[in-house]
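Student: Using only what follows, build the 3D model:
(one chain, ligands or ions: 1)
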Amino acid sequence: MDVAPTPDQEAAIRVAHAWFGRHSGWAPPDPDTLADWVAEGLARCPDECIAAFDGWCAHGLASWWLILRDLEAHPGGRRTLG
Ligand SMILES: [Zn+2]
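Tutor: Take a look at the predicted model:
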């Protein structure tokens, strides 16, 4: 699978990371949970909204799947959680 996000996905990932900076109490899903979501074609976003697994919610936050895939693609890169 191509790991490069589309420009829209990239924007949603940036929105999510900005959201992380303004909120606390969130935690990434564990891999099994994430796999269940993707199997259904859905994923939660950091604000608990449901979105397409490779999409974003009504608030513009990328799904956890997009966020975690992006982090894996950029280990030790500019984006970190927390
Ligand atoms: Zn939302």
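Student: May I ask you to name the longest helix in the chain?
Tutor: As assigned by DSSP state H, the longest helix anywhere in the chain is helix 7-22.
Student: who's in contact with that helix?
Tutor: For helix 7-22, contacts defined as CB atoms under 8 Å, 6 or more residues apart in numbering pick out 5, 26, 45-47, 54-56, 59-62, 66-67, 70, 79, 81-82. Just so you know, the C-beta spots here come from the backbone N, C-alpha and C atoms, and that holds for glycine as well.
Student: need the strands for the protein, in chain order.
Tutor: Here the chain has its strands, by DSSP state E, at 42-44, 50-52.
Student: Would you mind listing what in the protein touches the ion?
Tutor: Neighbours of the ion within the chain, by CB under 5 Å from the ion: 47, 49, 57, 59.
Student: Quick check: of those residues, which has the highest neighbour count?
Tutor: Cys57 (21 neighbours; other CB atoms under 10 Å).
Student: re earlier: how distant is the longest helix of the chain from the center of its chain?
Tutor: A distance of 8 Å separates the C-alpha centroid of helix 7-22 from that of its chain, computed with CA atoms, centre = their mean, to the nearest Å.
Student: Equivalent analysis for stretch 68-78, please.
Tutor: Distance of stretch 68-78 from the chain centroid (CA atoms, centre = their mean) equals 11 Å.
Student: What residues sit buried inside it?
Tutor: 68-71 (16 or more other CB atoms under 10 Å).
Student: Which of the residues of the chain next to the ion fall in helices?
Tutor: Applying DSSP H to those, no entry is found in helices.
Student: Dump those residues to a markdown table, plus pLDDT and distance to Val15.
Tutor: As requested, the residues of the chain next to the ion are exported to a markdown table (pLDDT from 0 to 100; distance: CB to CB, whole Å):
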| residue | pLDDT | distance to Val15 |
| --- | --- | --- |
| Asp47 | 96 | 10 |
| Cys49 | 97 | 12 |
| Cys57 | 98 | 10 |
| His59 | 97 | 8 |
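Student: still on that earlier bit, of the contacts of helix 7-22, buried ones?
Tutor: Buried residues within those, defined by neighbour count using 16+ other CB under 10 Å: 5, 45-46, 54-56, 60-62, 66-67, 70.
Student: Alright, I will stop here.
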